[in-house]
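Novice: coords below, sequence missing:
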């Protein structure tokens, strides 16, 4: 599926989800729907960022490098390195094994 089709599908799904959540959580009516949707969308944005970080960590643990991570999210290798600093950098522990860095990429709201 081309990226533009995937983007449209995702936008439609997020819009539908935000509307359902705004109605279910806040009983949003036509007068307050936009602010309730905005509140839900802000929380969804945070949740998606967290999921991206966790999935990037899993991908890196499975052998993906910055070029692959960047390609997956539509940014350059350098952009991926800036987004997830230290995620790929390998170090050698005392046993000679290559280990992932222990730092994580926690995003605050």
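Specialist: Nice, I can see it. Since the model is a prediction, treat every value here as computed from it, not as a measurement.
Novice: which regions of this structure lie under the pLDDT threshold?
Specialist: 30-31, 90-109 (pLDDT under 70).
Novice: what do you get if the cut-off is 90, keeping everything else the same?
Specialist: 1, 28-33, 89-109 (pLDDT under 90).
Novice: After the longest helix anywhere in the chain, which helix or strand is next? Please name it.
Specialist: Assignment by DSSP state H gives helix 33-61 as the longest helix of the chain. Sequence-wise, the next helix or strand downstream of helix 33-61 (DSSP states H and E) is helix 66-73.
Novice: That next one packs against which elements?
Specialist: If contacts are counted by 3 or more C-beta pairs under 8 Å, 6 or more residues apart in numbering; DSSP states H and E, helix 66-73 sits against helix 33-61, helix 77-83. For every residue, glycine as well, the C-beta is placed using N, CA and C.
Novice: among these, which is the most enclosed?
Specialist: The highest mean neighbour count among these, using mean count of other C-beta atoms under 10 Å, belongs to helix 77-83: a mean of 16.
Novice: Make CSV out of the helices and strands packed on helix 66-73 and add distance to residue 27.
Specialist: Shown next, in CSV, are those (distance: least, C-beta to C-beta, whole Å):
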stretch, distance to residue 27
helix 33-61, 8
helix 77-83, 37
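Novice: right, so of these, which gets closest to residue 19?
Specialist: helix 33-61 (6.4 Å; C-beta to C-beta).
Novice: Next one: the residue nearest to residue 67 when sequence neighbours are not counted relative to residue 66, how far apart?
Specialist: Distances taken as C-beta to C-beta, 6 or more residues apart in numbering place residue 77 nearest to residue 67, at 4.6 Å, with adjacent residues excluded. Per C-beta to C-beta, to the nearest Å, residue 77 is found 5 Å from residue 66.
Novice: Check residue 32 too.
Specialist: Distance from residue 32 to residue 66, by C-beta to C-beta: 43 Å.
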